[in-house]
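Asker: Fold the following for me, if possible:
(one chain, ligands or ions: 1)
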Amino acid sequence: QQAAPKLANVTILATGGTIAGSGATSTTTVGYTAATVGVQNLIKAVPELAKVANVTGEQVFQIASENMTNEHWLTLAKRVNVLLAQNNVDGVVITHGTDTLEETAYFLNLVVKSRKPVVLVGAMRPSTAISADGPINLYNSVMLAASPEAVGKGVLVAMNDQIQSGRDVTKVNTSTLDSFRTSELGLLGYIQGSKPFFYRQSLRKHTTESEFDIGTLQSLPQVDIVYGYANMNPLALDAFMAAGAKGIIHAGVGDGSLAAKVKPALVAARAKGAVIVRASRVGQGILARNGEANDDELDFVAADTLNPQKARILLMLALTKTSSTKEIQRMFYTY
Ligand SMILES: NC(=O)C[C@H](N)C(=O)O
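Answerer: Numbering: from 1, shown residues only. Down below sits the predicted model:
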């Protein structure tokens with residue numbers, strides 16, 4: 001008789017969200033309360049986890065993800081790095097609210113110092129709902145974090161039977177189960193029959209190849225996002241600058257064009273030392289450097305394919321290393 005294959009050790013770090021949410025009735029799929037179920041009960045609800053990994057759980061936070069802060073990210077990333085440095089941990093799963101899940105995934109993609117799998121997972125329906133998606137998503141994530149195929153792929157997101165890259169995935173629907181998408185760049189693979197099937201991989205640097213190190217950081221530089229729209233005015237930008245912003249993400253219309261009413265305020269912000277990154281509210285495509293604005297002349301940075309909320313994360317990390325816009329532009333083409 002053959003010995004049973006040794007199961008991988010996976011730690012689930014629970015942070016809250018709808019996956020840990022509960023509603024008044026089984027048909028409550030809106031107006032429920034996020035972040036009420038503790039990690040041990042999340043694990044207990046899916047006994048099948050024991051078939052794919054030796055699972056341990058830690059409650060890191062218990063919050064709805066709209067309350068995620070830079071400080072939460074630093075705490076979480078440090079814990080992930082400590083765990084993955086241990087020989088008795090093979091992978092980490094992070095349960096998370098879906099509203100900012102894509103941001104946490106990209107942050108960790110840039111600061112985790114390990115090739116071991118890190119998988120983020122959430123749910124669109126609370127744990128008390130008919131056909132709650134949390135249990136299957138959690139099962140798939142633990143299976144993925146335990147799988148050799150996920151090693152070295154960067155931080156992953158596993159929802160709705162799909163594997164997405166932490167760099168590229170974004171929430172695209174307020175409420176449906178297929179809310180996590182990677183527009184044109186494409187998902188990485190599928191999960192089927194308790195197995196991962198990978199088809200592609202991001203070529204952008206991550207984890208062990210990243211130059212960013214949050215090991216000794218207690219805070220991140222203030223970077224804010226100003227949203228573009230017709231009749232846009234510089235009020236929000238000026239307020240962020242007055243509050244001490246070190247960087248501004250201009251979530252511009254189209255290819256990041258600058259409204260005549262706003263451009264002088266951006267130029268003034270740059271003159272005060274803030275780094276200006278031009279991104280787009282569109283959600284797909286490359287933000288062309290020197291396209292809709294002359295970035296060389298203005299000394300601005302182009303966000304490449306990062307959406308504004310992900311551009312904010314890269315700019316915060318970039319500002320921990322340098323204030324050179326040339327260097328920061330290189331980083332936007334690297335990560
Ligand atoms: N589906 C969810 O998880 C939404 C919730 N507001 C959260 O992000 O925590």
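
Asker: For the stretch 1-150 of the chain, which residues score under the pLDDT cut-off?
Answerer: Residues of the stretch 1-150 of the chain meeting the criterion pLDDT under 70: 1-4.

Asker: Give me the neighbour count for the residue in it positioned nearest to the ligand.
Answerer: Among the residues of the stretch 1-150 of the chain, residue 97 lies closest to the ligand, at 2.0 Å counting by CB to the nearest ligand atom. All C-beta atoms are positioned from the backbone trio N, CA, C, and that covers glycine. Each residue near residue 97 was counted by other CB atoms under 10 Å, and the total is 24.

Asker: which residues touch it?
Answerer: 15-19, 34-35, 63-66, 68, 122 (CB atoms under 8 Å, 6 or more residues apart in numbering).

Asker: what about it, is that helix, strand or coil?
Answerer: coil (DSSP: H, G, I helix; E, B strand; the rest coil).

Asker: Quick check: the spatially closest residue to residue 281 that is not a sequence neighbour vs residue 268, distance?
Answerer: Of all residues not flanking residue 281 in the chain, residue 251 sits nearest, at 4.8 Å (CB to CB, 6 or more residues apart in numbering). Look at residue 251 and residue 268: by CB to CB, to the nearest Å, they are 19 Å apart.

Asker: quick check: mean pLDDT across stretch 306-318?
Answerer: Per-region confidence: stretch 306-318 scores 98 on mean pLDDT.

Asker: Quick one: residues in contact with it.
Answerer: Stretch 306-318 is contacted from outside by 70, 100, 102-103, 106-107, 110-111, 167, 170, 212, 214, 220-221, 223-225, 227, 247, 249, 251, 275, 277, 279-281, 283, 301, 303, 327-328, 331-332, 335, using CB under 8 Å, 6+ apart.

Asker: Separate out the buried members of these.
Answerer: 70, 100, 102-103, 106-107, 110-111, 167, 170, 212, 214, 220-221, 223-225, 247, 249, 251, 275, 277, 279-281, 301, 303, 328, 331-332, 335 (16 or more other CB atoms under 10 Å).

Asker: So which of these sit within helices?
Answerer: The members of these that map onto helices under DSSP state H are 70, 102, 103, 106, 107, 110, 111, 328, 331, 332.

Asker: Contact partners for the fourth one?
Answerer: For residue 106, the residues meeting the contact criterion (CB under 8 Å, 6+ apart) are 155, 166, 167, 310, 313, 314.

Asker: Make sure the third one is actually in contact with residue 205.
Answerer: Translated: residue 167. No. Here residue 167 does not reach residue 205: they are 9.6 Å apart, not a contact under CB atoms under 8 Å.

Asker: okay, and the common contacts of these two?
Answerer: With CB under 8 Å, 6+ apart, residue 167 and residue 205 have common neighbours residue 335.

Asker: okay, residue 323: pLDDT?
Answerer: pLDDT at residue 323 comes out at 98.

Asker: you'd agree it is up against residue 273?
Answerer: Yes. Counting by CB under 8 Å, residue 323 does reach residue 273; the two are 7.3 Å apart.

Asker: For these two, indicate the residue with more neighbours.
Answerer: Between residue 323 and residue 273, residue 323 has the larger neighbour count (other CB under 10 Å), namely 14 against 11.

Asker: ok, for that one, nearest residue in space, not its chain neighbours?
Answerer: Nearest residue to residue 323 in three dimensions, chain neighbours excluded: residue 275, at 6.7 Å (CB to CB, 6+ apart).

Asker: Show me this structure divided up by domain.
Answerer: Per automatic domain parsing, the structural domains of the chain span 9-209, 223-332.

Asker: now the first one, how far from the centre of its chain.
Answerer: I take that to be domain 9-209. Between the centre of domain 9-209 and the centre of its chain there are 10 Å (CA atoms, centre = their mean, to the nearest Å).

Asker: for that domain, how far is the first residue from the last?
Answerer: Using CA to CA, to the nearest Å, the gap from the first to the last residue of domain 9-209 comes to 24 Å.

Asker: Tell me which helix or strand the nearest residue to residue 191 once chain neighbours are set aside sits in.
Answerer: Nearest non-adjacent residue to residue 191, counting by CB to CB, 6+ apart: residue 140, 4.6 Å away. Following DSSP states H and E, the helix or strand that holds residue 140 is helix 134-145.

Asker: cool, and residue 164?
Answerer: strand 162-165.

Asker: Restricting to C-alpha, output that strand in CSV.
Answerer: Coordinates of the C-alpha atoms in strand 162-165 are reproduced here as CSV (Å, rounded to 0.1, in the frame of the first residue of the first chain):
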residue,chain,number,x,y,z
GLN,A,162,-10.8,31.6,-12.0
ILE,A,163,-7.1,32.4,-11.2
GLN,A,164,-6.2,36.0,-11.7
SER,A,165,-3.0,38.0,-11.2
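
Asker: Show me what counts as buried in the lengthiest strand in the chain.
Answerer: In the chain, with assignment by DSSP state E, the single longest strand is strand 54-63. Buried residues in strand 54-63, counted by 16+ other CB under 10 Å: 54, 55, 56, 57, 59, 60, 61, 62, 63.

Asker: Close to the ligand: what parts of this protein are there?
Answerer: Those residues of the chain that sit near the ligand, judged by CB under 6 Å from any ligand atom, are 17, 18, 34, 64, 65, 66, 97, 98, 99, 122, 124.
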